[in-house]
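Q: Give me a model of this one.
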Amino acid sequence: MKRKLTEKQRKFCEYYRSCKNVNEAARLAGYKAGSRASLLKSKAVREELGLSDYDFDNDSGIAGCDEVLRMLTSVMRGCVREPVVVVEQLTGASGKTERAARVIEKSASVKERMSAAEMLARRYGIFNGDGGMRQTVIVGEEKLLFDEEDNTSAGNDALA
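A: Numbering: from 1, shown residues only. Predicted coordinates:
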């Protein structure tokens, strides 16, 4: 029997499915920073997301391959946000200039997103040894990688 979700929990689940980032999904759903960590401990939320088998109490704290790949993908897609302090110069009604600092949340920069994309590309062997891209061609059950520049086979002799 599925447990009932609150409207906020339902929104959290929708956002979590799209970016796989608990903090970002919780923020978008309207949760305060202090309550975000306990969201995935809710049985109703875990059931909705298909995580009912995951044991958060016995989590070793070490990220596995899937979690690392999800994080890199979230950064690449711009789903991860981080707090940044912004200092503004304000001029009051009396003409006196004051500085004020506030915290805003920003998405990953293009440079950070490109870095995450490059890490994912290296993980999946998309780059050849010269830094160029490889093209994957599937012939029957054989997966062949070709260098983009000269279309030479990258270590596959299946067509020879």
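
Q: number of nearby residues for Val87?
A: 8 (other C-beta atoms under 10 Å). For glycine as for every other residue, the C-beta is placed from the backbone atoms N, C-alpha and C.

Q: when you give positions from now on, start the count at 41
A: Right, with 41 as the first residue, what we last looked at is Val127.

Q: what sits against it?
A: 139-141 (C-beta atoms under 8 Å, 6 or more residues apart in numbering).

Q: let's go with 10 Å and repeat that
A: 139-142 (C-beta atoms under 10 Å, 6 or more residues apart in numbering).

Q: Just to be sure, which of these are found in strands?
A: Applying DSSP state E to these, the entries found in strands are 139-142.

Q: picking that back up, list just the nearest of the contacts of Val127 to Leu91.
A: Arg142 (35.3 Å; C-beta to C-beta).

Q: List the contacts of Arg117.
A: Contact analysis of Arg117 by C-beta under 10 Å, 6+ apart lists 58-61, 147-148, 153, 156-157.

Q: what does Lys146 give?
A: The contact partners of Lys146, taken as C-beta under 10 Å, 6+ apart, are 120-124, 126.

Q: likewise Gln129?
A: 137-140.

Q: now for whatever helix or strand Lys51 lives in, which elements pack on it?
A: In the assignment (DSSP states H and E), Lys51 maps to helix 47-59. Helices and strands touching helix 47-59, by 3 or more C-beta pairs under 10 Å, 6 or more residues apart in numbering; DSSP states H and E, are helix 62-69, helix 83-89, helix 105-117.

Q: Any chance of the ones you listed in CSV with distance to Lys44 as columns?
A: Shown next, in CSV, are the helices and strands packed on helix 47-59 (distance: least, C-beta to C-beta, whole Å):
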stretch, distance to Lys44
helix 62-69, 16
helix 83-89, 7
helix 105-117, 28
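
Q: most neighbours per residue, which of the ones you listed?
A: Burial of the helices and strands packed on helix 47-59 is given as mean neighbour count (mean count of other C-beta atoms under 10 Å); helix 62-69 ranks first at a mean of 20.

Q: what angle do that one and helix 47-59 make?
A: Using axes from the mean of the first three to the mean of the last three C-alpha atoms, to 10 degrees, the inter-axis angle of helix 62-69 relative to helix 47-59 is 130 degrees.
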